[in-house]
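# kindly return the folded structure for what I paste below:
(2 chains)
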Amino acid sequence: MTAYVLRRLLLMLPVAFLVTVGVFLLIHLSPGDPALIILGEDRSPQAIAQIHQELGLDKPLYVQYVIWLGHIGHGDWGRSITTHQPVATAITERLPATFELGLTALLWSLLVAIPLGTIAAVRRGSVADQVATGITVAGVSIPNFFIGIVLIFLLSVSLRMFPFGGYVPFLQDPLESLRHVALPAIALGTAGAAINMRFTRSSMIEVLNHDYIRTARAKGASWRRVVFVHALKNALIPVVTIIGLQIGGIIEGAVVTETVFTWPGVGRLAVESIFNRDYTVVQGIVLLAAFSYMVANLLVDLAYAWLDPRISYA
Amino acid sequence: MAFAHLLEVDDIHSHLTVKDGTVSAVNGVSFTVDAGETLGIVGESGSGKSMTALSIMRLLPRSGSIVRGKVTFKGRVLTELSEEEMESIRGTEIAMIFQDPMTSLNPVYRTGWQVGEPLRIHRHVDTRTSIKAAVDLFKKVGIPDASKRVGEFPHMFSGGMRQRAMIAMGLSTSPSLLIADEPTTALDVTIQAQILELLRTLNRDYGTATILITHNLGVVAGMCDRVIVMYAGRVVEQGRTEDVFARPEHPYTWSLLRSIPRLDADEHEPLKPIDGSPPDMIRLPTGCKFTPRCPFAIARCAKEEPELLAVRDQLSRCWVTQGGVTLDGADLG
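As a prediction, the model looks like this:
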């Protein structure tokens, strides 16, 4: 297993290289000259050239890349063009908020998806199944910013059940923290819940037709035991793949939700930085998002090993 | 308490809903099994053998249901029990093992955990005790290196070893009746013999009554006290194995026995398959269902369906033999 993890990490290197090249090029291809933002109104050609020289933007692209990569490797992600704060610090400050939001959203999506998907599969064709399917279609088709706005209007503004916006760190006051994260997490997690439910349902239906389910029934196992002990572990194997992608997508998914809920996370930092043409920060965030996909994929593969003993890591 | 029979199946009718309509998969099947006895059920695929077994266990697929009839086991009417009561009989009093050991074990749990599970469900023992019991059961069914193999997953077992594990699972609670649904069909011939020998030993040593479902007449001859021959969801012949094999009283049984290739036959002699193909269960012919393939058929066969009646020492559902005619291969060449 250790050897497998090491090999997987080694295999991640070429992917990581391509990711950095992609991120670097993408930012340089996007319109807008950082020098113009730094200079503001005073934009004489000399001043622009000077800024370009200071930032190293006058050098050939591949040289810029190598320099940048060297800095990234040493933990120096550059400085924000607008606030002059180190990018790494700017992102790390915002990470806990995004992490809490993303994790709560994921938890919410699983708490909804796995029981509903299981019930829908066990009683397929029933009213419960059709209601669950209806919720799924709605969950996928309604954009999460709209769900967010509706939740804010109903539960926060009208009924005053939840506070609007604001982030309270979990370690500071767990209960208050959950009250604040609830609405954005529901808004962010609902689409995922709908997709996870569909996957759980179809996977569960397939698993319930297997011979070993009949064996379990022939042993005298109750339906509940058959479904939750014998079927669920098998049914979750494909669902884990989707969950992995969702973990990787927390940062990008949070962009819209964090903006709607004025949530001080990495997603909103990304939006602010894009508007400010703060390309060093944007670069940092995109890089982080890409790396989190890679880590999520690794976690998925490790979860497979636990769920399915047939997968060999030799 | 004493009962007339351990198991009494009385006029069971089970239907299956398929895309094109309803199939009467089991049609008025009746038989009994006594304690310690081995009963064989033979017939080709789709004849209703497995559906009969699943009806006894009340484990028909979602699309299936028992529409009529009664199953009595040790005096209790299984067909009237609640699902919970039925669960307390499955795996304790009646155990069942299935055709394909490759797919009948759960791939994500260790074999020992699965074999010991009936003990955890019915005897409420803890996991450690149940796995210890699984080690003993593995030894009993001849799985070598038992204490190591209980910790392995099904994919690490060969087909024969998996079927042994299935049998061990079935025996864990010492049931009075074991239903084996084609237990050797998916296995190599040499392994088949080992598994059958194991079933025979267990039947002898523990007195477990066995219903052995198979399409292999050789297996029936070697294993079973009595035999039931099924065709198109019906019992067409029933009797003591030696009687049925020595002098079949139904043309289907006769054809089955005749179609077995013999080593001592002339090598130029062609094989003798049964003419025609198995019946379309949705559009069954009127009269005797075997008529289209029957070399002995008379005019009455296509019009009226015969009852299962005594013919000599056994029961047969055939107008020809009920009319006193003897089936004889020589007449047909």
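
# on the three-state scheme, residue B:236 is what?
The assignment at residue B:236 comes out as strand when based on DSSP: H, G, I helix; E, B strand; the rest coil.

# gap between it and residue B:298?
Relative to residue B:298, residue B:236 is positioned 16 Å away (criterion: C-beta to C-beta, to the nearest Å). (Each C-beta comes from the backbone N, C-alpha and C, glycine too.)

# the more surrounded of those two?
It is residue B:236, of residue B:236 and residue B:298, that has more neighbours when counted by other C-beta atoms under 10 Å in any protein chain shown, with 26 against 13.

# shouldn't the more buried one be in contact with residue B:252?
Yes: in this structure, residue B:236 is within contact of residue B:252 by C-beta atoms under 8 Å, at 5.3 Å.

# and for these two, which residues touch both?
The overlap between the contact sets of residue B:236 and residue B:252 (C-beta atoms under 8 Å, 6 or more residues apart in numbering or on different chains) consists of B:229, B:290.

# quick check: mean pLDDT of stretch B:182-196?
Average pLDDT, stretch B:182-196: 86.

# for it, buried residues please.
Within stretch B:182-196, the residues that qualify as buried are B:182-184, B:186-187, B:191-192, B:194-196, counting by 16 or more other C-beta atoms under 10 Å in any protein chain shown.

# does chain A sit close to that stretch?
No: with C-beta under 8 Å from any C-beta of the partner chain as the threshold, stretch B:182-196 lies outside contact range of chain A, at a closest distance of 10.9 Å.

# ends of that stretch, what's the gap?
Using C-alpha to C-alpha, to the nearest Å, the gap from the first to the last residue of stretch B:182-196 comes to 11 Å.

# show residues contacting that stretch.
Residues outside stretch B:182-196 that contact it (C-beta under 8 Å, 6+ apart) are B:50, B:97-102, B:142, B:159-160, B:163-164, B:166-167, B:199, B:212-216, B:219, B:222-223.

# let's see which of those residues end up in helices.
B:50, B:101-102, B:159-160, B:163-164, B:166-167, B:199, B:219, B:222-223 (DSSP state H).

# top of these by neighbour count?
Neighbour counts for those were taken using other C-beta under 10 Å; the highest belongs to residue B:163, which has 31 neighbours.

# quick check, the residue in the stretch 201-314 of chain A closest to chain B?
Residue nearest to chain B within the stretch 201-314 of chain A: residue A:220 (3.3 Å; C-beta to the nearest C-beta).

# excluding its backbone neighbours, what's nearest the residue in the stretch 1-150 of chain B that chain A sits nearest to?
With distances taken as C-beta to the nearest C-beta, the stretch 1-150 of chain B approaches chain A most closely at residue B:91, which sits 3.3 Å away. Counting by C-beta to C-beta, 6 or more residues apart in numbering or on different chains, the nearest residue to residue B:91 once its immediate chain neighbours are dropped is residue A:220, at 3.3 Å.

# got the phi/psi numbers for residue B:23?
The phi/psi pair for residue B:23 (degrees, to the nearest 10) reads phi -110, psi 130.

# residue contacts, it?
When contacts are counted by C-beta under 8 Å, 6+ apart, residue B:23 is found next to B:15-17, B:281-282.

# any stretches of the chain with poor pLDDT?
Picked chain A for this. Flagging of chain A using pLDDT under 70 yields the residue ranges A:312-314.

# nope, chain B please
Along chain B, the model assigns pLDDT under 70 to residues B:1-2, B:329-333.

# tell me what the residue of the stretch 201-333 of chain B found nearest chain A is bridged to.
In the stretch 201-333 of chain B, the residue that lies nearest chain A is residue B:211 (13.2 Å; C-beta to the nearest C-beta). Under DSSP bridges, the beta-bridge partners of residue B:211 are residue B:39, residue B:179.

# can you tell me which residues contact it?
Taking C-beta under 8 Å, 6+ apart as the contact definition, residue B:211 lies against B:7, B:33, B:38-39, B:41, B:53, B:56, B:177-180.

# reformat those as CSV; add neighbour count.
Output for the contacts of residue B:211, formatted as CSV (neighbours: other C-beta atoms under 10 Å in any protein chain shown):
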residue, neighbour count
B:7, 25
B:33, 23
B:38, 23
B:39, 25
B:41, 28
B:53, 21
B:56, 22
B:177, 22
B:178, 23
B:179, 28
B:180, 26
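
# out of those, who's nearest residue A:2?
Sorting the contacts of residue B:211 by distance to residue A:2 puts residue B:180 at the head of the list, at 44.4 Å, by C-beta to C-beta.

# how many other residues sit next to the residue of the stretch 1-150 of chain B closest to chain A?
27.

# was I right about it contacting residue A:222?
No: judged on C-beta under 8 Å, residue B:91 makes no contact with residue A:222 at a distance of 11.0 Å.

# list the buried residues in stretch B:299-311.
For stretch B:299-311, the buried set under the neighbour-count rule, 16+ other C-beta under 10 Å, comprises B:301, B:305-306, B:308, B:311.

# try stretch B:284-294
Burial within stretch B:284-294, assessed by neighbour count using 16+ other C-beta under 10 Å, is assigned to B:284, B:287-291, B:293-294.

# hey, C-alpha coordinates of it in PDB?
Extracted as PDB, the C-alpha positions of stretch B:284-294 are listed here (Å, rounded to 0.1, in the frame of the first residue of the first chain):
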ATOM      1  CA  LEU B 284     -47.800 -23.000 -24.100                       C
ATOM      2  CA  PRO B 285     -49.600 -25.500 -26.300                       C
ATOM      3  CA  THR B 286     -53.000 -26.900 -25.000                       C
ATOM      4  CA  GLY B 287     -53.000 -30.400 -23.800                       C
ATOM      5  CA  CYS B 288     -49.800 -32.100 -22.600                       C
ATOM      6  CA  LYS B 289     -47.000 -29.500 -22.900                       C
ATOM      7  CA  PHE B 290     -44.600 -32.200 -24.200                       C
ATOM      8  CA  THR B 291     -46.800 -33.200 -27.100                       C
ATOM      9  CA  PRO B 292     -44.900 -31.300 -29.900                       C
ATOM     10  CA  ARG B 293     -41.600 -33.100 -29.000                       C
ATOM     11  CA  CYS B 294     -43.100 -36.500 -27.900                       C
END
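
# which one is the most centrally placed residue in chain A nearest to, not counting chain neighbours?
Here the mean C-alpha position of chain A is nearest to the C-alpha of residue A:250 (C-alpha atoms, centre = their mean), at a distance of 1.3 Å. The shortest distance from residue A:250 to any residue other than its chain neighbours is 3.3 Å, reached at residue A:102 (C-beta to C-beta, 6+ apart).

# and that neighbour, how many residues sit next to it?
Summarising burial for residue A:102: neighbours were counted as other C-beta under 10 Å, giving 27.

# contacting residues for it?
By C-beta under 8 Å, 6+ apart, the residues touching residue A:102 are A:188, A:247, A:250-251, A:253-254.

# shouldn't it be within a helix?
Yes: read with three-state DSSP, residue A:102 is one of the residues of a helix.

# distance of it from residue B:165?
If you measure residue A:102 against residue B:165 using C-beta to C-beta, the figure is 44 Å.

# strands of chain B, start to end?
Along chain B, the segments classed as strands by DSSP state E run B:7-18, B:21-33, B:38-42, B:64-73, B:76-77, B:94-97, B:177-181, B:209-214, B:226-231, B:234-240, B:309-311, B:314-316.
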